[in-house]
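**Student:** Requesting a structural model of the entry that follows:
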Amino acid sequence: MTQQDHTRLATIARLRPYIAPEYYRQLHETGDLPGEQIAAEVARLRGELSAVATYIPSALVREQLATPAPARVRGTYWHGSVLFADLSGFTALSGTLSALGKQGAEEVSAIINALFGALVDEVHRYRGGLLKFGGDALTAFFDAAVLEEDHARLASRAALAMQARMQEFGALQTRAGTFQLRLRIGVHSGH
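**Tutor:** Numbers count the residues shown, from 1 in each chain. Purely as a prediction, here's the structure:
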């Protein structure tokens, strides 16, 4: 077996966790896949990457795509602007609705998905990336490496746009009554 054969088999082995088992078997046995199967797998993998990348800081995605190293863990400093948004009034809303059982839990889920979907849309519209989402708060980053000197301005504009979107959710009508929701946002720029 030549060095080229070893390299090819090693590359195929690295694909095993990422492609369908039947495609892996065929690739391992024949060394090739029909073009339509490759195109389908590439489309599926791109879709999964896009879905996951939404929840990973863009700087980490860019670094991993430029120099792939699975399981790489390290720390670094970034220059840019951080936006932290905290929802006020959500604890009362979720506590009251969850007491209604399954229907209340479904309503809480629908509200949180619509609300944070709208807020994250504003972060993305102003070219920020979601760093962390948890409970009733989110943290976003506006990377100076990408946005250059506009990072602080874009983070501030995103904060204002998020506040404007909150008007849709300010007096929220639910099956358990009306709840007042407010959004507190802080933006900080630096290293």
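**Student:** and residue 25, what pLDDT?
**Tutor:** The confidence metric pLDDT takes the value 82 at residue 25.
**Student:** Give me the neighbour count for residue 163.
**Tutor:** 16 (other C-beta atoms under 10 Å). (C-beta placed from N, C-alpha, C; glycine too.)
**Student:** for this protein, what spans make up the helices?
**Tutor:** Using DSSP state H, the helices of the chain run over residues 3-15, 21-30, 35-53, 58-66, 90-98, 102-125, 144-147, 151-165.
**Student:** what packs against the last one?
**Tutor:** In other words, helix 151-165. Using 3 or more C-beta pairs under 8 Å, 6 or more residues apart in numbering; DSSP states H and E, the elements in contact with helix 151-165 are strand 80-88, helix 102-125, strand 137-143, strand 182-190.
**Student:** Next, format the ones you listed as a markdown table and append distance to residue 30, mean pLDDT and mean neighbour count.
**Tutor:** Listed next are these as a markdown table, based on distance: least, C-beta to C-beta, whole Å; pLDDT from 0 to 100; neighbours: other C-beta atoms under 10 Å:
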| stretch | distance to residue 30 | mean pLDDT | mean neighbour count |
| --- | --- | --- | --- |
| strand 80-88 | 48 | 95 | 20 |
| helix 102-125 | 42 | 89 | 16 |
| strand 137-143 | 43 | 94 | 22 |
| strand 182-190 | 55 | 95 | 15 |
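**Student:** and of these, who's closest to residue 176?
**Tutor:** Comparing those against residue 176 with C-beta to C-beta, the closest turns out to be helix 102-125 (6.9 Å).
**Student:** what angle separates the closest one from helix 151-165?
**Tutor:** Going by axes from the mean of the first three to the mean of the last three C-alpha atoms, to 10 degrees, helix 102-125 is angled at 150 degrees with respect to helix 151-165.
**Student:** from the chain's centre, how far out does helix 102-125 sit?
**Tutor:** The chain centroid and the centroid of helix 102-125 are separated by 14 Å under C-alpha atoms, centre = their mean, to the nearest Å.
**Student:** residues making contact with that helix?
**Tutor:** 54, 83, 85, 87, 90, 93-94, 96-98, 100, 129-130, 133, 138, 140, 158, 161-162, 165, 168-169, 172, 174-176, 181, 183 (C-beta atoms under 8 Å, 6 or more residues apart in numbering).
**Student:** domains of this structure?
**Tutor:** Split into domains by the TED database, the chain comes to 3-55, 80-190.
**Student:** Now distance to residue 68 too, for those, in CSV please.
**Tutor:** Converted to CSV, the domains of the chain look like this (distance: least, C-beta to C-beta, whole Å):
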stretch, distance to residue 68
domain 3-55, 10
domain 80-190, 19
